[in-house]
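Q: Need a 3D model of the following:
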Amino acid sequence: MLRISSHIAIPDNEMEMQAIRAQGAGGQNVNKVASAVHLRFDVNASSLPAAYKERLLRKKDQRISKDGVVVIKAQSYRSQEKNREDARERLCRLIRSAGVSARRRRPTRPSKSSEKKRLERKSKRGRLKALRGRVDW
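A: This next block holds a predicted model:
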């Protein structure tokens, strides 16, 4: 059971984990041992609340496929157990991020004094650049 929050948890049977061989350096260990972990989680078939599902599927995240399957590859550690925990933790963070709704932006306008200062700076800079021109004797 993966606990997301106090009232949301994902049963282990909804997550599919598969051990695979890790990439990169590691010598003989990396060639022999399947220490990396592929975690697959189908958002549509899960027991998550509808709001979480909707936000997850709307996210622009390369780990979420068009079919709504989250694929996480964990290979940071040399042991399969640590990679398994890392994959579960990353899935947990992804789902928690979908639970946080972004605050709406309230459009604002610059103050009159800031506008005036900006225009003064522009004209001062323009005068300075004009002085750099050719000198007529």
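Q: helices and strands of the chain: which one bottoms out on pLDDT?
A: Using mean pLDDT, DSSP states H and E, the weakest-scoring helix or strand in the chain turns out to be helix 28-32, at a mean of 70.
Q: Show the residue spans covered by the helices in this structure.
A: In the chain, the helices defined using DSSP state H lie at 28-32, 50-58, 80-99, 112-130.
Q: Please identify the most buried of the ones you listed.
A: Burial among these, expressed as mean neighbours by mean count of other C-beta atoms under 10 Å, is greatest for helix 80-99, which shows a mean of 17. Any C-beta I mention is one placed from the backbone N, CA and C, and that applies to glycine too.
Q: Now do that helix: which elements does it pack against?
A: On a contact count with 3 or more C-beta pairs under 8 Å, 6 or more residues apart in numbering; DSSP states H and E, helix 80-99 meets strand 2-3, strand 15-20, strand 36-42, helix 50-58, strand 69-74.
Q: pLDDT of it, averaged?
A: Predicted confidence along helix 80-99 averages 88 (mean pLDDT).
Q: So what touches it?
A: With C-beta atoms under 8 Å, 6 or more residues apart in numbering as the contact definition, helix 80-99 has outside contacts at 2-5, 8, 10, 15, 17, 19, 22, 33-39, 41, 48, 52, 55-56, 59, 61, 63, 70, 72-77.
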